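Colleague: coords please:
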Amino acid sequence: MTYYGAKELAESFRTVRKNTLIIAEDIPEEKYGYRAAPDLRSVGELLTHISNISGLAERIHGTERRTTLEGFDFPAFMMQALAKEKQPRSKAATIELLRKGGDRFASWLDSLTEEILSERVAFPAGMTPPNKTRFEMILGVKEHEMHHRGQLMVIERMVGVVPHLTREMHARIAAMTQAKATA
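Modeller: Below is the predicted model of the structure:
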């Protein structure tokens, strides 16, 4: 019996992307060039990086449906992705990139079968582990986005924005306190 498959993965990814989009909306456009340190991505570059990563999974597991990563040109893919990150774009264009890419990726996830998700993909010789299921690898897209979203939440604090999840928690606590006081 499968408890977590393509539909759950797609819905979970939609939730993650929804929260990333809220952060992208909350950060003022004039802070999209902000870098927490000189050698780090700017806010805009980081959001573009998040929007790009699902393309790698779609290419490997969808378009090419690779059974091995042997011979896949990761450096070329990364150079193209870095070039996209460096392209200047407005806050609105960045948000649209995240929205469209997220919708496309979630729809693709919805289309996957348990058979496809259970297929194993071999890694290049010498890597540990030697292979993973497509499910494990695709789940990594969501994990990657959450990692970077954590960075964005710290950056929000650095530029004077209270993260939305914190605002929501404070509102829940205030409502519970008020309810208890009036009970």
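Colleague: please count neighbours and contacts with C-alpha atoms only from this point.
Modeller: Noted.
Colleague: and the strands in this structure?
Modeller: In the chain, the segments counted as strands under DSSP state E are 120-122, 131-133.
Colleague: can you give me the helices for this protein?
Modeller: 6-26, 43-58, 74-86, 91-111, 114-118, 134-158, 164-182 (DSSP state H).
Colleague: want to throw those into CSV with mean neighbour count and distance to residue 35?
Modeller: Shown next, in CSV, are the helices of the chain (neighbours: other CA atoms under 10 Å; distance: least, CA to CA, whole Å):
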stretch, mean neighbour count, distance to residue 35
helix 6-26, 18, 15
helix 43-58, 22, 7
helix 74-86, 13, 13
helix 91-111, 17, 15
helix 114-118, 14, 37
helix 134-158, 17, 8
helix 164-182, 11, 21
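Colleague: Serialize those to a markdown table and add fields for distance to residue 66 and mean pLDDT.
Modeller: Shown next, in a markdown table, are these (distance: least, CA to CA, whole Å; pLDDT from 0 to 100):
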| stretch | distance to residue 66 | mean pLDDT |
| --- | --- | --- |
| helix 6-26 | 18 | 97 |
| helix 43-58 | 10 | 96 |
| helix 74-86 | 13 | 95 |
| helix 91-111 | 16 | 97 |
| helix 114-118 | 11 | 95 |
| helix 134-158 | 10 | 97 |
| helix 164-182 | 38 | 95 |
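Colleague: just put these in TSV and tack on distance to residue 125.
Modeller: Formatted as TSV, those follow (distance: least, CA to CA, whole Å):
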stretch	distance to residue 125
helix 6-26	29
helix 43-58	20
helix 74-86	15
helix 91-111	28
helix 114-118	21
helix 134-158	17
helix 164-182	42
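Colleague: for those, which one sits closest to residue 124?
Modeller: Residue 124 sits nearest to helix 74-86 of all those, at 11.6 Å, using CA to CA.
Colleague: who are the packing partners of the closest one?
Modeller: Packing contacts for helix 74-86, counted by 3 or more CA pairs under 8 Å, 6 or more residues apart in numbering; DSSP states H and E, involve helix 43-58.
Colleague: from the chain's centre, how far out is the helix it packs on? Work that out for me.
Modeller: Distance, stretch centre to chain centre, for helix 43-58: 7 Å (CA atoms, centre = their mean, to the nearest Å).
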